[in-house]
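A.B. asks: What would the 3D arrangement of this be:
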Amino acid sequence: EVQLVESGGGLVQAGGSLRLSCAASGFTFDESAIGWFRQAPGKEREGVSWLINRDGRTHYADSVKGRFTISSDSAKNTVYLQMNRLKPEDTAVYSCAASPQGPPFTDDDYWGQGTQVTVSS
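C.D. replies: From the prediction side, this is the model:
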């Protein structure tokens, strides 16, 4: 059974930091792409960052470049999203997704349930 479990969300003041974790199981982690997405109330889901485990390539949305860092620990089958200098507009539910073929990520890929990140001004 495929599982993606996010953790690390919470409430933080603007300028603060959080580290999200996406613990994966049930598929070939080292060959997959793992992505972080977020959705704020009333807005569409937005891609934040992704990492391709098989070649190490990474990608960041312009809105988070220089502030967020994605990394992978294959020994733990876990992908992290280090979020620094957080802004109120980063407030959203953050979810991770895994794709054996992607990117791009589709609704047919594996998705976690999400973790809430709230940044107060």
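A.B. asks: quick one: the helices in the chain?
C.D. replies: For the chain, applying DSSP state H gives no helices.
A.B. asks: Taking the centroid of it, which residue is nearest it?
C.D. replies: What sits nearest the mean C-alpha location of the chain, by CA atoms, centre = their mean, is residue 36, with 2.4 Å.
A.B. asks: I'd like the distance between it and residue 100.
C.D. replies: In this view, residue 36 and residue 100 are 17 Å apart by CB to CB, to the nearest Å. The way it works is simple: take the backbone N, C-alpha and C, and place the C-beta from them, glycine included.
A.B. asks: what does residue 69 give?
C.D. replies: 24 Å.
A.B. asks: And residue 26, by the same measure?
C.D. replies: As for residue 26, its distance to residue 100 is 12 Å (criterion: CB to CB).
A.B. asks: just residue 38 next, same as before
C.D. replies: Separation of residue 38 from residue 100 (CB to CB): 22 Å.
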